[in-house]
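1. model the following, please.
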Amino acid sequence: MNEMQLKFLARSENETFARNAVAAFSLPLNPSLSELSDLKTAVSEAVTNCIVHGYRGGEGWITLVCRTEGNRLELEIADDGVGIEDIGKALTPFYTTLPGEERSGMGFTIMQTFMTDFSVTSEKGAGTRVKMAKTFGEAANAG
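-> Numbers count the residues shown, from 1 in each chain. Down below sits the predicted model:
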């Protein structure tokens, strides 16, 4: 088992840092280029959600925890922002709390699609935590 934790400001330029840090951390698991691309996309979506929706462009911290065990990578990406009032509604494809902006409402759907496991917990006024995992290897993703 291996583990790392990062804490960084909720700024758009840190999205690239987060996705590259997770990609680098996962390299010992020997992901395919496709798996690596899926992982980076899911991390980007989660971090962007913290910035855009959690803090609504304001100040705050994002915490990223990565763990590896065997051929599995587990991630937790959390903010201490406004929280999600209705997680069920937020998980609906194309739903967005910012319809006036060019947001597709597909962030959670993309995370669910690209990762092996996915869950969201949130408390209004206290933030949101996304937990995701990816099991690497063609046999693991064939189902």
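
2. and residue 139, what pLDDT?
-> Predicted confidence (pLDDT) for residue 139: 51.

3. so how far is residue 32 from residue 128?
-> Note on residue 128: its distance to residue 32, by Cβ to Cβ, to the nearest Å, is 30 Å. Placement of C-beta: from N, CA and C, glycine included.

4. and the two? which has more neighbours close in?
-> Shown here are residue 128 and residue 32; by other Cβ atoms under 10 Å, residue 128 has more neighbours (24 against 12).

5. which ones are touching the more buried one?
-> 49-50, 53-54, 78-79, 81, 83-84, 120-122 (Cβ atoms under 8 Å, 6 or more residues apart in numbering).

6. one more time with 7 Å, if that's ok
-> 54, 78-79, 81, 83-84, 120, 122 (Cβ atoms under 7 Å, 6 or more residues apart in numbering).

7. so what's it closest to, chain neighbours aside?
-> With sequence-adjacent residues excluded and distances taken as Cβ to Cβ, 6 or more residues apart in numbering, residue 128 is closest to residue 122, at 4.1 Å.

8. assumed that neighbour was part of a helix.
-> No. Remark: residue 122 does not belong to a helix; assigned using DSSP: H, G, I helix; E, B strand; the rest coil, it is strand.

9. nearest residue to residue 111 other than its sequence neighbours?
-> Residue 111's closest residue in space is residue 42 (Cβ to Cβ, 6+ apart), at 4.7 Å.

10. tell me the secondary structure at the one you found.
-> Classification of residue 42 by three-state DSSP places it in helix.

11. quick one: contacts for the most centrally placed residue in the chain?
-> Central residue of the chain (Cα atoms, centre = their mean): residue 46, 3.0 Å from the mean position. Counting by Cβ under 7 Å, 6+ apart, residue 46 makes contact with 77, 111, 130.
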